[in-house]
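*Asks:* What would the 3D arrangement of this be:
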Amino acid sequence: MVDNKLLPKLSQNLLEILDDEEYYDIVIEAGNDPYVKTFRAHMVILNYRSPYLRRILSTNKKKNDETLIILN
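*Replies:* Model prediction:
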């Protein structure tokens with residue numbers, strides 16, 4: 001059984017992770033030049049929250065510079 005005091009703290013930690021600009025491991029760029037919006041994300045969260053992104057992330061391999069190729 002989960003302690004009810006743990007859930008609010010866990011929720012707060014997850015919100016902090018979403019705002020974290022230091023430890024992200026995915027950068028998503030959306031839009032066309034000059035109107036490109038950049039989003040920083042965490043692969044593990046995208047993987048567990050979106051079956052669509054899970055498929056994409058599992059099939060895309062890292063390039064030599066450690067960046068992932070994400071679809072256009």
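*Asks:* All the strands of this structure, residue numbers only.
*Replies:* Under the criterion DSSP state E, strands of the chain are mapped to 26-30, 37-41.
*Asks:* Any chance of JSON lines for the ones you listed, columns distance to Ser50, mean neighbour count and mean pLDDT?
*Replies:* (C-beta placed from N, C-alpha, C; glycine too.) Formatted as JSON lines, the strands of the chain follow (distance: least, C-beta to C-beta, whole Å; neighbours: other C-beta atoms under 10 Å; pLDDT from 0 to 100):
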{"stretch": "strand 26-30", "distance to Ser50": "12", "mean neighbour count": "13", "mean pLDDT": "84"}
{"stretch": "strand 37-41", "distance to Ser50": "10", "mean neighbour count": "12", "mean pLDDT": "86"}
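*Asks:* right, and those strands - which one's nearest Leu57?
*Replies:* strand 26-30 (8.1 Å; C-beta to C-beta).
*Asks:* Who are the packing partners of the closest one?
*Replies:* For strand 26-30, the packing partners by 3 or more C-beta pairs under 8 Å, 6 or more residues apart in numbering; DSSP states H and E come out as strand 37-41.
*Asks:* who does the strand it packs on pair up with?
*Replies:* When pairing is defined by DSSP bridges, strand 37-41 lines up against strand 26-30 (antiparallel).
*Asks:* before we move on, back to that, got the strands of the chain as CSV, with distance to Ile56 columns?
*Replies:* Converted to CSV, the strands of the chain look like this (distance: least, C-beta to C-beta, whole Å):
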stretch, distance to Ile56
strand 26-30, 11
strand 37-41, 12
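*Asks:* closest to Tyr48 out of those strands?
*Replies:* Short answer: strand 37-41, nearest of the strands of the chain by C-beta to C-beta, at 12.1 Å.
*Asks:* Just the residues contacting the closest one, thanks.
*Replies:* With contacts defined as C-beta atoms under 8 Å, 6 or more residues apart in numbering, strand 37-41 is touched by 20-21, 24-31.
*Asks:* Out of those residues, which is nearest to Lys5?
*Replies:* Nearest member of these to Lys5, counting by C-beta to C-beta, is Asp20, at 23.4 Å.
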